[in-house]
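Chemist: Sequence first, then the predicted structure:
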Amino acid sequence: MLNKRYTINESIAISETIDGETIIINLETGYYYSINKTATVIWNEFRENNSISNILKYFLDHYDVNKDTAEKSITDIINLLLKDYLILEFDSTGPLSITESQESIAKESFIIPKIERYDDMARALKSDPVHDVKEEGWPNLK
């Protein structure tokens, strides 16, 4: 599993990062997601089509975390993102780009990557603001 690569499913997922927290919107379902700093690292690595082993190495180099905890955290986030089709497995037979270890940098405390999913705006996000509104106009949905 460590050699697998994933990419963001850009046909249905858009995102924006503000102060280390990323907001993702699933354009198909209307759900939106808030992901914390360490989950944002994973999301951004998928943007670059990096392998799970590269993400794991980044966590081990930059955070005070053991390999098993980091690997489980990454796997849990991948499973959640796959469940809602926000990422896709990236078929690549190219070489993995493992960067050299950076033992000398000070490591941050590890925060378990977390995703929160919200559906309270799904109807509004999926609606057509021209055709799906009452006579009063937006945001009064039919």
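Modeler: Now that the structure is in, tell me what you want to look at. Numbers count the residues shown, from 1 in each chain.
Chemist: And the pLDDT for the closest residue to residue 73 other than its chain neighbours?
Modeler: If the residues on either side of it in the chain are set aside, residue 73 comes closest to residue 113, at 5.1 Å by Cβ to Cβ, 6 or more residues apart in numbering. In short, each C-beta sits where N, CA and C put it, glycine included. Note for residue 113: predicted pLDDT of 96.
Chemist: Ok, residue 99 next?
Modeler: So, for residue 99, pLDDT stands at 50.
Chemist: what helix or strand does the spatially most central residue of the chain sit in?
Modeler: The chain has residue 43 as the residue nearest its centroid, 3.5 Å off, counting by Cα atoms, centre = their mean. Using DSSP states H and E, residue 43 sits in helix 37-47.
Chemist: Touching that helix from outside, list them.
Modeler: 6-8, 15, 17, 20-22, 24, 35, 54-55, 58-59, 63, 73-74, 77-78, 81, 87, 110-115 (Cβ atoms under 8 Å, 6 or more residues apart in numbering).
Chemist: Equivalent analysis for stretch 105-121, please.
Modeler: With Cβ under 8 Å, 6+ apart, stretch 105-121 has contacts from 29-39, 41-42, 59, 61-65, 69-70, 73-74, 76-77, 80-81, 84.
Chemist: if we go to 7 Å?
Modeler: 30-39, 42, 62-65, 73, 77, 80 (Cβ atoms under 7 Å, 6 or more residues apart in numbering).
Chemist: Please enumerate the strands of this structure.
Modeler: Along the chain, the segments classed as strands by DSSP state E run 5-8, 13-18, 21-26, 32-35, 63-64, 87-90, 108-109, 115-118.
Chemist: buried sites along the third one?
Modeler: By that I understand strand 21-26. 22, 24, 25, 26 (16 or more other Cβ atoms under 10 Å).
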